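Undergrad: Sequence first, predicted coordinates after that:
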There are 2 protein chains.
Amino acid sequence: MNCGADRAVTRGGDDVTANDTGGGEFDPYRVALAGLLRCCEPPVPEQVARFVAGLGARGAWEAIAGRSAPKSVAQVVDARLGALDAAALTARAEADLRSAAAAGAVVLGPDDLEWPAECFMGLDHVRPHDRCVHAAVPLALYRRGDRWPVTRRGSAAVVGSRSATPYGVRVASDLGAGLADRGVTVVSGAAFGVDAAAHRGALHAGTAAGARECPSGVTVAVLACGIDRAYPVAHRLLLDAATACGSVVSEYPPGAVPARHRFLVRNRLIAAFGEATVVVEAGRRSGSLNTATTAGGLSRQVLAVPGPVSSAMSVGCHDLIRDQKASLVTDAGDVVGLLGPLQPAAPVHRGGSRPTDGLDLLTARVHEALPARGTATVDEISVEAGLSMREVLGALATLHLDGLAVKHDGGWGRCAV
Amino acid sequence: MNCGADRAVTRGGDDVTANDTGGGEFDPYRVALAGLLRCCEPPVPEQVARFVAGLGARGAWEAIAGRSAPKSVAQVVDARLGALDAAALTARAEADLRSAAAAGAVVLGPDDLEWPAECFMGLDHVRPHDRCVHAAVPLALYRRGDRWPVTRRGSAAVVGSRSATPYGVRVASDLGAGLADRGVTVVSGAAFGVDAAAHRGALHAGTAAGARECPSGVTVAVLACGIDRAYPVAHRLLLDAATACGSVVSEYPPGAVPARHRFLVRNRLIAAFGEATVVVEAGRRSGSLNTATTAGGLSRQVLAVPGPVSSAMSVGCHDLIRDQKASLVTDAGDVVGLLGPLQPAAPVHRGGSRPTDGLDLLTARVHEALPARGTATVDEISVEAGLSMREVLGALATLHLDGLAVKHDGGWGRCAV
């Protein structure tokens, strides 16, 4: 696991954990990030991403708010800027930071040391879904909680159906716990079903590498709505627990509603945060298949858990495996094995062995020809096994050495094994 | 399906369905086949196979019974010939034919038109198991019933654990029925669990291409004991049913006991008869994994059915898929799809579609921004969607054409879809 520091620090060294720099004034960098997130629906179009990358968040925001951005950018952002002037836009961004702070969240951007730039590499070039022009790196992210994957190494996305079966819920929970036990950060959404079960499994895990103050595993929930909303409402406590032992993340401004398309857009971040994406249960239309596609496009490992062929909730997983878009995994050990040498590889248990397992066919035939009770002569064994005397005698010598045959009263019998 | 004719006819044109040629005398070819099967435990060593192939069954048997076979062959067969002279050996072979006939069986060999030579191609070069030197084509086969796959095209082996779970039994039965319904011959052993369920499924199938007199599908059971034995005894009626609507097959002489190693040796024939081998349920030590290995060695398709990851009986299947030794299949449709164009390919159902599925992201965003009830102005939609007026108007035009948006009272609303 490679999780961020507990406090947000920019590459310049300033402590920026609090959005508010004191005295009621906000850090201009945070205001710019909030302002940018407010004026452009993710995934941001390429021209906006290039503009912001070129000028930096503050410069880009000043140009946009001051209506001096180039036309290609203005076309995208003008609808959300409305008729507001620069002062009003700044006030709106500050209000967002205040809403976020009230929810315990900060906004982080590419200048922050713990910005997960490595996770987002390649996102600009992925087409995760036929409805997305491109996936796009987020301009900034709101975050509640202190830990998220700064690099994808050692974290895994666990995704699946909202309407998971009891089987899927159990598998997701076991997987979350098993990954957390092995020090792997779990990343998911916040939905019912697989998402919640994976988080709960991680939160209930007994140990967590690198998280001394939190006895559970590290888990990260990525939202498709504002950071100040609990969606679904029933998961308010779950999101609080994830905040305490990991983080809750959103690229939407506070108050943003969880519109349907936002889940698809959000899914790219879940895929990006994980070194692997594990699909636990998915119907044929599940949004988690979209996450898997993005993960594949990012050259991350795509993994799927099989289930009963009679279950509609496993159809998506089986399709992924059958179409060789995903590797089959059955538990956290499989996942960690594929993630590479994060931990010493666990020994593979292939079941117990029998003493006769290593015998060659000829010797095995002679062993089979030995009477289960009592003894037989070499002649009798020879006939029974259909082998020559010499072959039988050779095999008996081997069996005797292996403790599998015993000579008694001029005949040969089996040893109890 | 490509099953044999109802009567055994040699390549010379003689009708040899009955072992007994009348008047108490036996056809010398059948006597030779029975004699050869009696004197050499399968898989036959290479030198014996070459000797029999070179001289033909009759010539080889005359040499062996007359003690004039070369030393390399004599070494193999002498133990089973014992002290018997040629007349006694012939009498023993005739007794075997009589036992087989009493069980309704004939012996068939490479000279028979319906000998499945094509199925056995490559068997000599396969090492199905570390205990087998080589797999070896059988010298002859006893058969009860009239149908078996003369070529592997259009038949599938269905194998799995004796101690199958209720899930495995259901899957095997559905698979047997589904394959039979599509005209595919089912090949398996005769064990409890998956074997029996696959046969029963095929036998209960409603239709069977090419089997007018038998309303069920064609199913073939390959035994690891004499053709005159019902093993397990509880499957006597099942074997009778398979005989009526397919066949029961064995390369062991009548009376041969089902020794443990014979199951492993027998498995190669099950793999050889099938164009594909489907593993339904298999523990980590299941013998059906040995059948799968042989099928792979024969360049036949190896297929495996997934199951709950919590089931020990699916571990072998999951291992095969994970290790890319088998392709995942979930039903008979999948199997037939992989067998190639035996039947016109069934349309692939990937679930229903929604009217909004085909929308590009921009248009989908505008659709999401439309109020669920009532209407909104283009301005309001523009702000909600975060898009320019022009983009919104373009998208609304598309949605209107698609019947997904309606203009009403100067505003836009959703159409019920």
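TA: Nice, I can see it. On a predicted model such as this, the values are computed, not experimentally measured, just so you know. Numbering: from 1, shown residues only, chains lettered A, B, ... in the order given.

Undergrad: Which residue is the nearest non-sequential neighbour of the residue nearest in space to the middle of chain A?
TA: With distances taken as C-alpha atoms, centre = their mean, A:Ala157 lies nearest the centre of chain A, 1.2 Å away. The shortest distance from A:Ala157 to any non-neighbouring residue, by C-beta to C-beta, 6 or more residues apart in numbering or on different chains, is to A:Gly274 (3.4 Å). (Glycine included, C-beta is placed from N, CA and C.)

Undergrad: sec struct for the residue of chain A found nearest chain B, please.
TA: Residue nearest to chain B within chain A: A:Pro306 (3.2 Å; C-beta to the nearest C-beta). Look at A:Pro306: counting by DSSP: H, G, I helix; E, B strand; the rest coil, its state is coil.

Undergrad: Was I right to think it contacts A:Ala326?
TA: No. Taking contacts as C-beta atoms under 8 Å, A:Pro306 lies outside contact range of A:Ala326: 10.1 Å.

Undergrad: Now stretch A:66-80: buried residues?
TA: By 16 or more other C-beta atoms under 10 Å in any protein chain shown, the buried positions in stretch A:66-80 come out as A:69, A:73-80.

Undergrad: Compute the distance between the closest residue to A:Thr90 other than its chain neighbours and A:Asp228, please.
TA: Among residues not flanking A:Thr90 along the chain, A:Val31 sits closest, at 6.1 Å (C-beta to C-beta, 6+ apart). Going from A:Val31 to A:Asp228 by C-beta to C-beta, to the nearest Å gives 17 Å.

Undergrad: okay, these two: which has more neighbours?
TA: Of the pair A:Val31 and A:Asp228, A:Val31 is the one with more neighbours under other C-beta atoms under 10 Å in any protein chain shown, namely 25 against 22.

Undergrad: Which of the helices or strands spans that one?
TA: helix A:28-39 (DSSP states H and E).

Undergrad: what stretches of chain A score poorly on pLDDT?
TA: In the predicted model of chain A, residues A:1-24, A:127-134, A:206-215, A:341-354, A:416-417 satisfy pLDDT under 70.

Undergrad: In it, spot the helix with the most residues.
TA: Determined from DSSP state H, the single longest helix within chain A is helix A:46-65.

Undergrad: what's downstream of it, the next helix or strand?
TA: Downstream of helix A:46-65, the next assigned helix or strand under DSSP H and E is helix A:71-81.

Undergrad: packing partners for the helix or strand just after that following helix?
TA: Using DSSP H and E, the helix or strand that follows helix A:71-81 in sequence is helix A:86-102. Contacts defined by 3 or more C-beta pairs under 8 Å, 6 or more residues apart in numbering or on different chains; DSSP states H and E place helix A:86-102 against helix A:28-39, helix A:46-65, strand A:105-108.

Undergrad: Could you work out which of the ones you listed reaches nearest to B:Val378?
TA: helix A:28-39 (18.9 Å; C-beta to C-beta).

Undergrad: Okay, angle between the closest one and helix A:86-102 too, please.
TA: Interaxial angle, helix A:28-39 versus helix A:86-102 (axes from the mean of the first three to the mean of the last three C-alpha atoms, to 10 degrees): 100 degrees.

Undergrad: Reduced to three states, what does A:Arg152 come out as?
TA: Secondary structure assignment for A:Arg152 (three-state DSSP): coil.

Undergrad: May I have the phi/psi pair for it?
TA: Main-chain torsions, A:Arg152, degrees, to the nearest 10: phi -70, psi -20.

Undergrad: and what of A:Val186?
TA: According to degrees, to the nearest 10, A:Val186 has phi -100, psi 130.

Undergrad: Does it have any beta-bridge partners, and if so which?
TA: A:Ala156, A:Thr219 (DSSP bridges).

Undergrad: Just send the helices and strands packed on helix A:86-102 back as a markdown table, with distance to A:Leu370 too.
TA: Shown next, in a markdown table, are the helices and strands packed on helix A:86-102 (distance: least, C-beta to C-beta, whole Å):
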| stretch | distance to A:Leu370 |
| --- | --- |
| helix A:28-39 | 78 |
| helix A:46-65 | 76 |
| strand A:105-108 | 73 |
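
Undergrad: hang on, the earlier thing: which parts of the longest helix of chain A are buried?
TA: A:48-49, A:51-52, A:55, A:57-58, A:60-65.

Undergrad: which residues are in contact with whichever strand or helix holds A:Thr294?
TA: Using DSSP H and E, the element containing A:Thr294 is helix A:288-297. For helix A:288-297, the external contacting residues (C-beta atoms under 8 Å, 6 or more residues apart in numbering or on different chains) are A:122, A:125-129, A:135, A:157, A:159-161, A:194, A:264, A:267-268, A:270-272, A:274, A:276-277, A:279, A:282, A:301-302, A:304, A:316, A:319-320, A:325-326.

Undergrad: what does the stretch 201-350 of chain A put close to chain B?
TA: By C-beta under 8 Å from any C-beta of the partner chain, the residues of the stretch 201-350 of chain A that approach chain B are A:259-261, A:283-285, A:305-310, A:314-315, A:318, A:321-322, A:327-331, A:334, A:350.

Undergrad: Okay, and which of these map to strands?
TA: Within these, residues falling in strands by DSSP state E are A:327-328.

Undergrad: What subset of the residues of the stretch 201-350 of chain A next to chain B is buried?
TA: Counted by 16+ other C-beta under 10 Å, those give A:259, A:261, A:283, A:285, A:305-309, A:314-315, A:318, A:321-322, A:327-331, A:334 as buried.

Undergrad: so what's A:Trp412 up against?
TA: A:370, A:375-378, A:381, A:396, A:405-406.

Undergrad: same thing but 10 Å
TA: Shown in contact with A:Trp412 (C-beta atoms under 10 Å, 6 or more residues apart in numbering or on different chains): A:366, A:369-371, A:375-378, A:380-381, A:392-393, A:396, A:399-400, A:405-406.

Undergrad: Likewise for A:Cys415?
TA: A:355, A:367, A:370, A:399-400, A:402-406.

Undergrad: What's the ChimeraX syntax to select whichever of those are buried?
TA: If you want just the buried ones from those in ChimeraX, going by 16+ other C-beta under 10 Å, the selection is:
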select /A:367,370,399,402,404,405,406
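
Undergrad: Restricting to C-alpha, output the longest helix of chain A in CSV.
TA: Listed next in CSV are the C-alpha coordinates belonging to helix A:46-65 (Å, rounded to 0.1, in the frame of the first residue of the first chain):
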residue,chain,number,x,y,z
GLU,A,46,-9.3,18.0,-24.0
GLN,A,47,-9.0,21.8,-24.8
VAL,A,48,-9.9,22.7,-21.2
ALA,A,49,-7.5,20.1,-19.8
ARG,A,50,-4.7,21.4,-21.9
PHE,A,51,-5.5,25.0,-21.0
VAL,A,52,-5.5,24.3,-17.3
ALA,A,53,-2.3,22.2,-17.5
GLY,A,54,-0.6,25.0,-19.4
LEU,A,55,-1.4,27.8,-17.1
GLY,A,56,-1.8,25.9,-13.8
ALA,A,57,-5.0,25.9,-11.8
ARG,A,58,-4.7,29.5,-10.6
GLY,A,59,-3.7,31.0,-13.9
ALA,A,60,-6.4,29.1,-15.7
TRP,A,61,-9.1,30.0,-13.2
GLU,A,62,-8.2,33.7,-13.3
ALA,A,63,-8.4,33.7,-17.1
ILE,A,64,-11.7,31.8,-17.1
ALA,A,65,-13.3,33.9,-14.3
